[in-house]
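1. Show me how the following folds:
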Amino acid sequence: MEYIRAGIAHMKEAKPVQSVLVRTGLFSLFASAFWALLPLIASPHGPIGYGILLGSFGTGALAGAAILQPLRHKTDINALIAGATIIFAAAVVAFASVYEVSLLCVVLFAAGMSWIIMLASLNISAQQMSPSWLRARSLSMYLLVLQGGMAAGSAFWGALASNYGVPLALRIAGIGLLLGLTTIKRHRLNTGLVPICT
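-> Numbers count the residues shown, from 1 in each chain. Below you'll find the model as predicted:
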């Protein structure tokens with residue numbers, strides 16, 4: 001219990017930890033609409049269409065992983081995350097009004113590329129936001145926020161889509177992703193170790 005209390009105290013006192021958790025929570029909450037509603041968008045195209053769409057997403061993720069390292073050397077992590085968020089938000093909004101498989105593949109490719117850049121950047125920040133002796137506890141909080149946001153968001157977007165339609169839910173999620181960027185000024189991320197709080 002002493003170690004858990006130390007981790008919680010560190011989270012309350014360390015601004016970098018709070019920033020990572022806030023940015024992660026906002027992204028996962030709104031981005032979860034994509035995964036929650038993807039089966040509904042893909043359902044008219046059958047199992048093969050669904051597989052093709054997931055393959056397009058995976059190909060985009062591979063492309064994102066390939067360009068991530070060069071981008072990290074040239075771009076500030078906050079600008080990198082902002083760019084990836086804008087692309088992902090655009091893909092989510094486009095998802096609401098695109099119905100042809102070929103166009104959906106393009107949307108899924110862009111979503112996969114921006115998704116991997118976003119998550120990798122958040123993971124880097126999460127791993128370096130605390131001193132080594134608190135890193136495991138900080139990472140557990142990060143994963144709780146990430147997975148908790150996905151779980152809660154999926155339930156919310158499913159309920160919203162049931163009552164008001166899938167296109168509206170996706171548009172709201174896309175707008176929410178963009179509005180989340182307004183937190184950058186107050187919750188900037190860095191990739192350097194933070195000092196130990198006393």
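
2. show me where this protein has helices.
-> For the chain, the helices defined by DSSP state H cover 2-13, 15-42, 46-74, 77-95, 101-127, 135-164, 166-180.

3. What is the fifth one packed up against?
-> When contacts are defined as 3 or more C-beta pairs under 8 Å, 6 or more residues apart in numbering; DSSP states H and E, helix 101-127 sits against helix 15-42, helix 46-74, helix 77-95, helix 135-164. In short, each C-beta sits where N, CA and C put it, glycine included.

4. can I get those in TSV with mean neighbour count?
-> Shown next, in TSV, are those (neighbours: other C-beta atoms under 10 Å):
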stretch	mean neighbour count
helix 15-42	21
helix 46-74	15
helix 77-95	20
helix 135-164	16
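
5. May I see the ones you listed arranged in CSV, with distance to L189 and mean pLDDT as well?
-> Compiled in CSV, the helices and strands packed on helix 101-127 are given as follows (distance: least, C-beta to C-beta, whole Å; pLDDT from 0 to 100):
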stretch, distance to L189, mean pLDDT
helix 15-42, 6, 91
helix 46-74, 12, 93
helix 77-95, 5, 93
helix 135-164, 12, 90
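
6. Relative to M118, which of the ones you listed is closest?
-> helix 77-95 (4.3 Å; C-beta to C-beta).

7. Show residues contacting the closest one.
-> Helix 77-95 is contacted by residues 23, 27, 31, 33-34, 37, 41, 64, 71-72, 75, 104, 107-108, 110-111, 113-115, 117-118, 121-122, 124-125, 170-171, 173-175, 177-178, 180-181, 184, 188-191 when judged by C-beta atoms under 8 Å, 6 or more residues apart in numbering.

8. Let's see that with 6 Å instead.
-> Residues from elsewhere that reach helix 77-95, judged by C-beta atoms under 6 Å, 6 or more residues apart in numbering: 34, 71, 107, 110-111, 114, 117-118, 121, 170-171, 173-174, 177-178, 181, 184, 188-189, 191.
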